[in-house]
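Chemist: sequence and computational prediction follow.
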Amino acid sequence: MDFANFASQLNAGTILPEGIVMITLLGVLIVDLILGRTSARWIGYLAILGLTAAIIALYFQWDTTTPIAFTGSFNGDDLSIVFRGIIALSALVTILMSIRYVEQSGTALAEFIAILMTATLGGMFLSGANELVMIFISLEALSISSYLLTGYTKRDSRSNEAALKYLLIGASSTAVFLYGVSLLYGLSGGQTELSAIAQGIAKADVSQSLGLVIALVFVIAGIGFKISAAPFHQWTPDVYEGAPTPVIAFLSVGSKTAGFALAIRLLTTVFPIVADEWRFVFTALAVLSMVLGNIVALAQTSMKRMLAYSSIAQAGFVMIGLIAGTDAGYSSMIFYLLVYLFMNLCGFTCVVLFSLRTGTDQISEYSGLYQKDPLLTLGLSISLLSLGGIPPLAGFFGKIYLFWAGWQAGLYWLVLLGLITSVVSIYYYIRVVKMMVVKEPQEMSEVVKNYPQVRWDLPGLRPLQVGLIVTLIATTISGILSNPLFTLANNSVTNTPMLQAAKVASTQVTGNR
């Protein structure tokens, strides 16, 4: 074999960011092996440095001329670059909020970071996977690491229960997804690359076959589990309540982003011939997610369970952009996931801080918090108001872009339902803000009355402080900078040949019908 030709087909430089993450992962384990737990905090900083370098490498790969790597198995196009950047950023902020949390729980930080970075690698590879084997391996790397992280606090019975439920439901969803892609393999005549599968299906003329319908349903079921869309959301409340809070933060952003990246790449490339059918299914999922997520969140007394149902509802909003199937729809999805990264992780950073100081996550215990910890109150208030879509915060512009893309695509009633459920969500977000800010001194909860003196000079709390301030500032100014951020998202869509080709194919199928 011609080595030069093989090297050009391999194009290993495309996965340089993932290579940096992998080297950092090995570095974390080696440093821990040599220096022991005395170096725990430095291990956290090493991981942050490595993820920062990976994000910089992604920046320099923008708009590359040869994004295909590993003989077609991986696509490093601009779309995958944005999704991989969001996942790496979510892991970076998660590590910032994990250092003190893991230390206080009495578990090993190096192993925690190693598993988290393995999940990050799985999510990043999944965002650009262009072949069935690559998709499955990346999905399993992300999923198995997520199960381990959920049960990482071994002495906590709630964490163990959450991990077991997550494992059982996750294994079932993986089996369903794998059966769906195996049907695709058979229907396409033994192809594994996504574009080749689409060509094989079109050539075999099986667009109306029962096998293709079953494959589509099973694939959507697997994706629905990963993005925690109703009715595949059963794992979400229990896992959010029982898992370590930093783990939930990563799952709510990193894992969900990888799921949406898989949805866009798989559905637009393989299933343009049944685009109307999968859009119908996702419309049903979006309706269920927005209605169930926002209504059930009203009754929650635990902050983590409330954020769990909030994340289900947020997935419903993002699906509006996917259903629209236009450049504006995909761009609005990417923009919303980008700002969701900041506002959701800001909220979880505040929840971590509060639980570290009080040992509880009950909403009622936040009563009167402003009088004891103004910075934490400000951060949590801004993040919740942004999640609710209050202007001029980032969440408001994210929903505006999503709803406008849906309206342009003719999804009038779905957009109206999104607006109504957004109004419902404002109630349970503002309820928490009101409880923290408006309560009189005599109405302060017992936990807040005994709230420890706030000290930010403790070494373990400095990363948390950095994470809170960075995400708070990003959430605040993302609304002001919404236009350049949306331009970035739009460029990632228009510069991706896969999406443009899928749009043409979908138009041709519609015309033939």
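Modeler: Nice, thanks for sending it over.

Chemist: ok, Val133 - how many residues close by?
Modeler: By the measure other Cβ atoms under 10 Å, the count of residues near Val133 is 13. C-beta coordinates here come from the backbone N, C-alpha and C atoms, glycine included.

Chemist: use 211 as the first number for this chain going forward.
Modeler: New numbering, starting at 211: the last item is Val343.

Chemist: now the residue nearest to it when sequence neighbours are not counted: phi and psi?
Modeler: The shortest distance from Val343 to any residue other than its chain neighbours is 5.9 Å, reached at Thr402 (Cβ to Cβ, 6 or more residues apart in numbering). Dihedral angles of Thr402 (phi, psi; degrees, to the nearest 10) stand at phi -120, psi -20.

Chemist: Thr328 contacts Leu235, doesn't it?
Modeler: Yes: judged on Cβ atoms under 8 Å, Thr328 makes contact with Leu235 at a distance of 6.7 Å.

Chemist: where does the prediction get shaky in this structure?
Modeler: Along the chain, the model assigns pLDDT under 70 to residues 211-219, 247-250, 275-276, 414-418, 649-652, 663-671, 710-723.

Chemist: the helices in the stretch 561-710 of the chain, which residues?
Modeler: 584-598, 604-618, 622-647, 656-659, 672-690, 692-704, 707-722 (DSSP state H, counting those that start in this stretch).

Chemist: tilt between the fifth one and helix 584-598?
Modeler: Per axes from the mean of the first three to the mean of the last three Cα atoms, to 10 degrees, the angle that helix 672-690 makes with helix 584-598 is 40 degrees.

Chemist: contacts for helix 672-690, please.
Modeler: Applying Cβ atoms under 8 Å, 6 or more residues apart in numbering, the external contacts of helix 672-690 come out as 254, 258, 303, 305-307, 309-310, 548-549, 552-553, 555-556, 559-560, 562-563, 585-586, 588-589, 592-593, 596, 601-604, 606-607, 666, 695.

Chemist: whichever strand or helix holds Ile325: what's the following helix or strand?
Modeler: In the assignment (DSSP states H and E), Ile325 maps to helix 319-338. Per DSSP H and E, the first helix or strand lying C-terminal to helix 319-338 is helix 342-360.

Chemist: so which bits of that following helix are buried?
Modeler: By 16 or more other Cβ atoms under 10 Å, the buried positions in helix 342-360 come out as 342, 344-349, 351-360.

Chemist: isn't Thr227 up against Ala298?
Modeler: To be clear, residue 227 is Pro; Thr isn't right here. Yes: with contact defined as Cβ under 8 Å, Pro227 reaches Ala298; the gap is 7.1 Å.

Chemist: now for the helices of the stretch 561-710 of the chain, which one comes closest to Asp288?
Modeler: Smallest distance to Asp288 across those (Cβ to Cβ): 4.2 Å, for helix 692-704.

Chemist: now do that closest one and helix 672-690, the angle between them.
Modeler: In terms of direction (the same axes, to 10 degrees), helix 692-704 departs from helix 672-690 by 90 degrees.

Chemist: just how off-centre is helix 692-704 within its chain?
Modeler: 19 Å (Cα atoms, centre = their mean, to the nearest Å).

Chemist: list the helices and strands it packs on?
Modeler: Contact analysis of helix 692-704 by 3 or more Cβ pairs under 8 Å, 6 or more residues apart in numbering; DSSP states H and E lists helix 288-315, helix 537-568, helix 604-618 as its packing neighbours.

Chemist: so that helix versus helix 604-618, what angle?
Modeler: 50 degrees.

Chemist: mind listing what's buried along helix 692-704?
Modeler: Applying a neighbour-count criterion of 16+ other Cβ under 10 Å, one finds Ser692, Leu695, Phe696, Leu698, Ala699, Asn700, Asn701, Ser702, Val703 buried in helix 692-704.

Chemist: nearest to Gly620, of those?
Modeler: Closest to Gly620, out of all of the buried residues of helix 692-704 and judged by Cβ to Cβ, is Val703, at 19.3 Å.

Chemist: my read is that that closest one contacts Ser542, right?
Modeler: No: counting by Cβ under 8 Å, Val703 stays clear of Ser542, with 9.7 Å between them.

Chemist: residues making contact with the helix or strand hosting Val429?
Modeler: Using DSSP H and E, Val429 sits within helix 420-436. Helix 420-436 is contacted by residues 349, 379-380, 383-384, 386-391, 393-394, 396-397, 411, 416, 441-442, 445, 465-466, 468-469, 472-473, 476, 481, 484, 487-488, 491-492, 495 when judged by Cβ under 8 Å, 6+ apart.
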